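**Student:** Here is my input, please return the structure:
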Amino acid sequence: MKWTSFTLDLSRIRKGWQRFCAMLRTMGTLVLCTFVFFLLVGLAAMASSKVDRAPVSPVKGWAAAISNAFFIDAIGQEIPHLQKDAEASSFSGSSMISFAFRLLTDINPKDPRTFLAREVPGLNTDKAILLRKSTGGADDLSGPEDYTPSQGAGDDHGTDAPDPSGSASPVEPSDAPTDPAPSTSTPAPSEAPAKTASPPAETKEEPSTDEKLVLIYSSHNRESYLPNLPGVNDPDKAYSSKTNVTLVGKRLAAQLEQRGVGAVAYNTDYSSVVKDFNYIYSYKYSNKTVKEAFAAHPNIQFVFDIHRDSLKREKTTATIDGKDYAQIYFIIGQRNPHWKKNEEFAAQVHSLLEEKMPGLSRGIWGKTPHEGNAEYNQTLSENSVLVEIGGPYNSLEECYRTADVLAAAISEIAKSAVKADAPQSSNGKEG
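**Tutor:** Predicted coordinates for the structure are as follows:
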């Protein structure tokens, strides 16, 4: 009878077990390190938001930079009638590589400016983080979006616009000189828009004095609204030299005057008066406007830079009591070392709007000090704030309604400051 013998190689088993244990240790170390890394990143983000609310720059706007043809060509790979000639197709290997590279790095290989955008102010789209939420608004916390005009935008697409002042007392519509050289000339009156029917004005209160407490201007003065631009449907072309956001500023100033608060509106068309105008230097041009306004009206305490956002209508419109209003974004530039002072002032206005008309304000948003301009001339006054009223799909009438409510809130703050004997000769500037 034969017996089958088995040989057990213990050394091989021991080596296999050692390799298995080593692999477990390696995997465990990698998992632990990954967990600790993300834990530290999360804790750092939480601590940063608690300490100074410094924003984290998300990747925004990359999709907006992709042409419609790119997406049509992509869909055309499956839908035959959308396909184009191979030579005309934008859906190629190079475009896909460029798309992926920009998605990962936020750098456009075809635009050299994006390589310098993180270091040179004005070359990059500003990022936003919510600083103060609107308690009466929707749960949608979409931040404001700002895009530069497309080529050819800013032409006169229409001249008819509602009269922003209604039956208001005269406002001082001025154009501050914007020649790069220092100037001491008196601001000249701007061209008045054509008058048509205007939204009802607020009940007229006591007239204001010659003492101007509020400055209103627009750094991006040609931002406009599609419903008031006949024949224009592209939001990237919602720009006009006459029918634009400065009309909303005039309406706001007129309403403040009606309520007994002195206000002055500067409506400089920088594109036409600045030699070699460059859009990315808009805040440099308007900085001179603010300084000249301070010199002409030394009692100015409150400063508002009026803009128009770039979001869709559903994100810039509030329906309240059956009427549509253009919603408001308050923007704080965090490159300003004293931005918290400006945020406190914006919070006063925001809180009053919440009391008067919940849902009209979409909150206070901070722009990161690491990207874009993120200063907005707010270092010139601690009571300065950038206000975005509506988007390209809102009408001037909707913006006027909002300006009326905003004027009521500002007038309360201004009158309270006067009653408290607040200093009126320093323009609210930091020492």
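
**Student:** Just say helix, strand or coil for Ser241.
**Tutor:** Look at Ser241: counting by DSSP: H, G, I helix; E, B strand; the rest coil, its state is coil.

**Student:** Could you list the buried residues of the helix or strand harbouring Glu412?
**Tutor:** Assigned by DSSP states H and E, Glu412 belongs to helix 396-419. If you call a residue buried by 16 or more other C-beta atoms under 10 Å, then helix 396-419 has these buried ones: 396-414, 417-418. For every residue, glycine as well, the C-beta is placed using N, CA and C.

**Student:** Could you count how many residues lie near His350?
**Tutor:** By other C-beta atoms under 10 Å, 24 other residues sit near His350.

**Student:** again with the one 4 residues further on
**Tutor:** Number of residues near Glu354 (other C-beta under 10 Å) recorded here: 19.

**Student:** Same question for the one 5 residues further on.
**Tutor:** Applying other C-beta under 10 Å, we find 17 other residues in the vicinity of Gly359.

**Student:** where does it land on pLDDT?
**Tutor:** Looking at Gly359, its pLDDT stands at 91.

**Student:** change the start of the numbering to 20 and stick with it
**Tutor:** With 20 as the first residue, the last one maps to Gly378.

**Student:** Got the phi and psi for it?
**Tutor:** With angles defined as degrees, to the nearest 10, Gly378 sits at phi 100, psi -10.

**Student:** Flag the shaky bits of the stretch 120-269 of the chain, pLDDT-wise.
**Tutor:** Scanning the stretch 120-269 of the chain for pLDDT under 70 picks out 120-146, 154-160, 169-228.

**Student:** rerun that using 90 as the cut-off
**Tutor:** Regions of the stretch 120-269 of the chain meeting the criterion pLDDT under 90 cover residues 120-230.

**Student:** do the same with the stretch 320-450 of the chain
**Tutor:** Across the stretch 320-450 of the chain (using pLDDT under 90), the flagged ranges come out as 386-393, 436-450.

**Student:** Can you list the residue ranges for helices in it?
**Tutor:** For the stretch 320-450 of the chain, the helices defined by DSSP state H, counting those that start in this stretch occupy 358-375, 415-438.

**Student:** Can you add distance to Ile148 and give those back as JSON lines?
**Tutor:** Formatted as JSON lines, the helices of the stretch 320-450 of the chain follow (distance: least, C-beta to C-beta, whole Å):
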{"stretch": "helix 358-375", "distance to Ile148": "12"}
{"stretch": "helix 415-438", "distance to Ile148": "23"}
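
**Student:** Ok, which of those helices comes nearest Gly250?
**Tutor:** Of all these, helix 415-438 sits nearest to Gly250, with 16.5 Å by C-beta to C-beta.

**Student:** so the closest one versus helix 358-375, what angle?
**Tutor:** Inter-element angle recorded for helix 415-438 and helix 358-375: 110 degrees (by axes from the mean of the first three to the mean of the last three C-alpha atoms, to 10 degrees).

**Student:** From the contact counts, what lies against helix 415-438?
**Tutor:** helix 265-277, strand 321-326, strand 342-345, helix 358-375, strand 403-408 (3 or more C-beta pairs under 8 Å, 6 or more residues apart in numbering; DSSP states H and E).

**Student:** Direction included, what does the helix or strand just after the first one pair up with?
**Tutor:** By that I understand helix 265-277. Where DSSP H and E defines the elements, the next helix or strand beyond helix 265-277 is strand 282-285. According to DSSP bridges, strand 282-285 forms sheet pairs with strand 191-194 (parallel), strand 233-236 (parallel).

**Student:** got the buried residues for strand 282-285?
**Tutor:** In strand 282-285, residues buried by neighbour count (16+ other C-beta under 10 Å) are Ala282, Val283, Ala284, Tyr285.

**Student:** For Arg332, which of the helices of the stretch 320-450 of the chain is the nearest?
**Tutor:** Closest among these, once you apply C-beta to C-beta, is helix 415-438, at 9.7 Å.

**Student:** between the closest one and helix 265-277, how many degrees?
**Tutor:** With the same axes, to 10 degrees applied, the angle from helix 415-438 to helix 265-277 works out at 40 degrees.

**Student:** Run the angle between helix 415-438 and strand 403-408 for me.
**Tutor:** Angle, helix 415-438 to strand 403-408, by the same axes, to 10 degrees: 160 degrees.

**Student:** tell me which of the buried residues of strand 282-285 is nearest to Leu248?
**Tutor:** Ala284 (21.5 Å).

**Student:** and the gap between the closest one and Leu271?
**Tutor:** To Leu271, Ala284 is 8 Å away according to C-beta to C-beta, to the nearest Å.

**Student:** now do Phe39
**Tutor:** Separation of Phe39 from Leu271 (C-beta to C-beta): 73 Å.

**Student:** between those two, which one's more packed in?
**Tutor:** Leu271 (28 against 10).

**Student:** From Arg278, how far off is the more buried one?
**Tutor:** Leu271 sits 11 Å away from Arg278, going by C-beta to C-beta.
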